[in-house]
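Engineer: no sequence on this one, just coordinates:
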């Protein structure tokens with residue numbers, strides 16, 4: 001039986017190791033009823049936005065939704081639908097929402113929305129004249145450069161990019177393919193000192209609907225969390241594997257706290273939840289979640305120590321020690 005909204009899951013002392021989470025912290029469900037929640041991000045005013053990815057073959061061709069949760073009222077409403085099959089969301093320094101739109105009849109692009117007007121612009125829709133595979137997750141550095149992953153997990157669209165890569169979108173609109181050795185990149189994050197780009201590889205062996213020949217089994221590949229040296233010019237090099245999850249499923253989204261510790265949504269069926277690692281990959285804490293998690297994001301201002309978690313069709317929150 002699934003827990004209802006408002007149910008508190010109490011953490012044990014073992015799960016609190018490293019003093020990562022606040023004393024007496026409880027995991028609280030604040031939303032339920034979505035299909036697959038993803039990409040939670042908090043706007044400058046504290047409002048929480050997240051994606052509800054509605055796989056078309058499972059939802060009667062629903063077109064995806066961006067949801068808005070108001071922590072002051074506890075109410076969640078649809079902010080935008082169709083969403084372009086939005087996945088990862090982030091807010092830039094000007095308070096605008098940057099969206100990674102995926103495949104499965106989605107936009108397959110990076111867009112930016114002005115919350116004051118509701119109007120959106122397309123930041124990147126093609127690379128070398130061809131559509132992206134399915135932009136998944138993104139991170140923004142201190143110079144306003146956007147880093148985004150482009151795998152393909154589902155969708156009937158043709159796959160036209162020769163590799164599943166991580167790209168950098170500069171403020172001048174130029175797009176650069178900067179990582180090609182992650183095989184199937186998913187979550188991305190930047191360290192607080194701007195010197196490391198973290199990339200999750202989650203190679204489930206699938207390419208999307210109708211992409212595999214009939215009867216061909218999917219073979220899982222790399223499942224790992226890696227760190228790349230991020231240079232001041234936005235280029236990345238020297239892949240260091242921090243955690244290897246194979247042969248089990250690996251992580252999805254991730255975020256850093258102020259000290260550079262990584263909060264990672266791990267989808268391993270045998271031990272799913274939020275794993276917290278030091279920058280070197282040492283596990284500091286493990287928070288089990290009632291549903292398999294997809295992504296994480298911190299609050300802002302007075303709520304900067306609130307960690308929001310998308311998992312299954314729900315959204316949860318919990319207090320941490322550091323913002």
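Structural biologist: That came through, no problem. Keep in mind it's a predicted model, so treat the numbers as computed, not measured. Residues are numbered from 1 along each chain as shown.
Engineer: distance of the residue nearest the centre of the chain relative to residue 74?
Structural biologist: For the chain, the residue nearest the mean C-alpha position is residue 253 (3.6 Å; Cα atoms, centre = their mean). Noted for residue 253: a distance of 24 Å to residue 74, by Cβ to Cβ, to the nearest Å. Heads up, the C-betas are built off the backbone N, CA and C, glycines and all.
Engineer: cool, and residue 55?
Structural biologist: 28 Å.
Engineer: which one of the two has more residues nearby?
Structural biologist: The neighbour comparison of residue 55 against residue 74 (other Cβ atoms under 10 Å) goes to residue 55, with 17 against 11.
Engineer: hmm, the more buried one is touching residue 35, no?
Structural biologist: Yes: in this structure, residue 55 is within contact of residue 35 by Cβ atoms under 8 Å, at 6.7 Å.
Engineer: which residue ranges of the stretch 151-300 of the chain form strands?
Structural biologist: Ranges of strands within the stretch 151-300 of the chain are 165-169, 175-179, 185-190, 196-202, 223-230, 236-244, 251-256, 262-266, 273-277, 283-288, 293-298, based on DSSP state E, counting those that start in this stretch.
Engineer: need these in CSV with mean pLDDT, can you?
Structural biologist: Formatted as CSV, those follow (pLDDT from 0 to 100):
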stretch, mean pLDDT
strand 165-169, 98
strand 175-179, 98
strand 185-190, 98
strand 196-202, 97
strand 223-230, 98
strand 236-244, 95
strand 251-256, 98
strand 262-266, 98
strand 273-277, 97
strand 283-288, 96
strand 293-298, 98
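Engineer: residue 305 is nearest to which of those strands?
Structural biologist: Minimum separation from residue 305 across the strands of the stretch 151-300 of the chain (Cβ to Cβ) falls at strand 293-298, 7.6 Å.
Engineer: which strands border that closest one, and is each parallel or antiparallel?
Structural biologist: Strand 293-298 pairs in its sheet with strand 306-311 (antiparallel), by DSSP bridges.
Engineer: where does residue 216 fall, phi/psi-wise?
Structural biologist: For residue 216, the backbone dihedrals (degrees, to the nearest 10) come out as phi -80, psi 120.
Engineer: run through who's touching stretch 107-119.
Structural biologist: Stretch 107-119 has contacts (Cβ atoms under 8 Å, 6 or more residues apart in numbering) with 43, 80, 84-85, 92, 95-102, 120-125, 131-135, 138, 146, 148, 157, 169.
Engineer: can you rerun that using 7 Å?
Structural biologist: Applying Cβ atoms under 7 Å, 6 or more residues apart in numbering, the contact partners of stretch 107-119 are 43, 84-85, 95-102, 120-125, 131-132, 134-135, 146, 148, 157, 169.
Engineer: in strands, which of those fall?
Structural biologist: 97-101, 120-124, 131, 146, 148, 169 (DSSP state E).
Engineer: follow-up on the earlier one: verify the stated contact: the residue nearest to the centre of the chain with residue 265.
Structural biologist: Yes: in terms of Cβ atoms under 7 Å, residue 253 counts as a neighbour of residue 265; the distance is 5.1 Å.
Engineer: that older thread, which ChimeraX command selects the buried ones in the contacts of stretch 107-119?
Structural biologist: Filtering these down to the buried ones (16 or more other Cβ atoms under 10 Å) takes a single ChimeraX command:
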select :43,84,85,96,97,98,99,100,101,102,120,123,124,131,132,134,135,146,148,157,169
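Engineer: joint contacts of residue 253 and residue 265?
Structural biologist: Joint contacts of residue 253 and residue 265 (Cβ under 7 Å, 6+ apart) are 294-296.
Engineer: nearest to residue 198 among those residues?
Structural biologist: Nearest member of the shared contacts of residue 253 and residue 265 to residue 198, counting by Cβ to Cβ, is residue 296, at 12.6 Å.
Engineer: and that closest one, bridged to which residues?
Structural biologist: Beta-bridge pairing for residue 296 (DSSP bridges): residue 309.
Engineer: isn't it up against residue 309?
Structural biologist: Yes: contact criterion Cβ under 7 Å: residue 296 and residue 309 qualify, at 5.4 Å.
Engineer: so where is the protein shaky, pLDDT-wise?
Structural biologist: 1-18, 208-214 (pLDDT under 70).
Engineer: again, only using 80
Structural biologist: Scanning the chain for pLDDT under 80 picks out the ranges 1-18, 206-218.
Engineer: tell me the gap between stretch 279-293 and the middle of its chain.
Structural biologist: 15 Å (Cα atoms, centre = their mean, to the nearest Å).
Engineer: do stretch 111-123 as well
Structural biologist: Relative to the chain's own centre, stretch 111-123 is displaced by 20 Å; criterion: Cα atoms, centre = their mean.
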